[in-house]
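Asker: structure for the following, please:
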Amino acid sequence: MQGESLVDMSYQTFARAVGTTVATQYAVTQAAARRMAAQQSGVILTVTGHGSPYAGMGTTTVQWGLVEAMLRQWAVDLGPAGVRVCWLRTAGFRESILGHRDYGSSWSGDAAAEEVLATVEADTMLGRVPSVAEAGRAAVYQATADGPTAAAVNLTAGSVAD
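Answerer: Below is the predicted model:
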């Protein structure tokens, strides 16, 4: 829920946004977890938003943190069953910014997608935003590697340092 400060947001708005995130993440992960635990193998892999909090982000960074906390707990609960839980952290992909007429971020206002992309890229250490193809390669690594669990791959191109 971007576009409003937590200071100005009603509890009902906050609870609805956060509750929807928790309920959705829980239902999807639980469905996969039960099936994978029964077969004693599998990888639950998802994508999370990741970034520094900014004014006007509302519940967004809260929701990102909640999802990652839930994924860590799923990893603990599923590890004994041979199921790993991993995620990709992103601050956006080139194609998702350029491919949408209105990127939908509250801070972008009426800026064209190219302007938004330039602003986002300028805020990264690499001076660019990762592509969907890069995310795909990272996902393949997470899904096929034998070891990682409760682990994120940072795909922010350095907009966030881990």
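Asker: show me what counts as buried in stretch 59-77.
Answerer: Neighbour-count burial for stretch 59-77, with 16 or more other Cβ atoms under 10 Å as criterion, is recorded at 59-64, 66-68, 70-72, 74-75. Any C-beta I mention is one placed from the backbone N, CA and C, and that applies to glycine too.
Asker: ok, P53 to R94 distance?
Answerer: 23 Å (Cβ to Cβ, to the nearest Å).
Asker: compare these two (neighbour count), which wins?
Answerer: Each of P53 and R94 has its neighbours counted (other Cβ atoms under 10 Å); R94 has more, 18 against 13.
Asker: from what I can see that one touches L126, true?
Answerer: No. Proximity of R94 to L126 does not meet the contact threshold set by Cβ atoms under 8 Å, at 11.9 Å.
Asker: pLDDT added to the buried residues of stretch 59-77, as JSON lines?
Answerer: Shown next, in JSON lines, are the buried residues of stretch 59-77 (pLDDT from 0 to 100):
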{"residue": "T59", "pLDDT": "86"}
{"residue": "T60", "pLDDT": "86"}
{"residue": "T61", "pLDDT": "87"}
{"residue": "V62", "pLDDT": "90"}
{"residue": "Q63", "pLDDT": "92"}
{"residue": "W64", "pLDDT": "90"}
{"residue": "L66", "pLDDT": "95"}
{"residue": "V67", "pLDDT": "95"}
{"residue": "E68", "pLDDT": "94"}
{"residue": "M70", "pLDDT": "97"}
{"residue": "L71", "pLDDT": "97"}
{"residue": "R72", "pLDDT": "97"}
{"residue": "W74", "pLDDT": "98"}
{"residue": "A75", "pLDDT": "98"}
